[in-house]
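1. Next one to model:
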Amino acid sequence: MATAPYVHIPETVSPEAQAFLRAMPDPHLKPQFPAPDDFAGWKKLQAWAEADGIARSEPVVKALDPDVRALTLGGVPVLDIRPKGWTDNGKVMVYTHGGAHVMYSAASMLGRAALAAQETGLRIVSIDYTLSPQVRFDAMSDQTVAAIRGLLAGGQKLSDTAIFGDSV
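-> You can find the predicted model right below:
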């Protein structure tokens, strides 16, 4: 027996919108954020988010089949994602994944980066910054700057570089 969706689904919206609303997970079933100093709790939440993100990314990555390379830029781990059939035009988009700076990674958000690469035809560099509370926010922004500097040191032009992020 199917469970009822946790939101009211109006009959007046399109069948596609109804299907989307039916598929939305109940946010009350997600793990709650731990206290700021509960490092074990954060590790547990981050493990849950990582598994969730990888499961959501897997079918997208499989369908799009991008070329994904693990690199280090400026001492920071990144994923270099190139869409199928990619041709180098010198342009790069740097992706800072969502997750409120406390969840997910470049690997677990690979589906979103691969979709952006496919839709734009651009090379995407997804920064795998260290999550809070293991580090403070300024460390994450420092890692992003270091990775971009690594790109520039490799010959990338800042005028041909865009930065984007999202939220989960």
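
2. any idea of the pLDDT on the most centrally placed residue in the chain?
-> In the chain, the C-alpha nearest the mean C-alpha coordinate belongs to Met109, at 3.1 Å (Cα atoms, centre = their mean). As predicted, Met109 sits at a pLDDT of 96.

3. Please report the distance of it from Val135.
-> 18 Å (Cβ to Cβ, to the nearest Å). For glycine as for every other residue, the C-beta is placed from the backbone atoms N, C-alpha and C.

4. Tell me where the model's unsure across this protein.
-> Counting by pLDDT under 70, the chain shows low-confidence ranges at 1-4.

5. biggest helix in it by residues?
-> Looking across the chain with DSSP state H, the single longest helix is helix 39-64.

6. Only C-alpha atoms, please: export stretch 55-65 in CSV.
-> Extracted in CSV, the C-alpha atoms of stretch 55-65 (Å, rounded to 0.1, in the frame of the first residue of the first chain):
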residue,chain,number,x,y,z
ALA,A,55,22.2,7.6,-4.9
ARG,A,56,20.6,10.6,-6.5
SER,A,57,23.6,11.4,-8.8
GLU,A,58,24.2,7.9,-10.0
PRO,A,59,21.4,7.6,-12.6
VAL,A,60,22.1,11.1,-13.9
VAL,A,61,25.8,10.4,-14.3
LYS,A,62,25.1,7.1,-16.0
ALA,A,63,22.7,8.7,-18.5
LEU,A,64,25.0,11.6,-19.3
ASP,A,65,28.3,9.7,-19.2
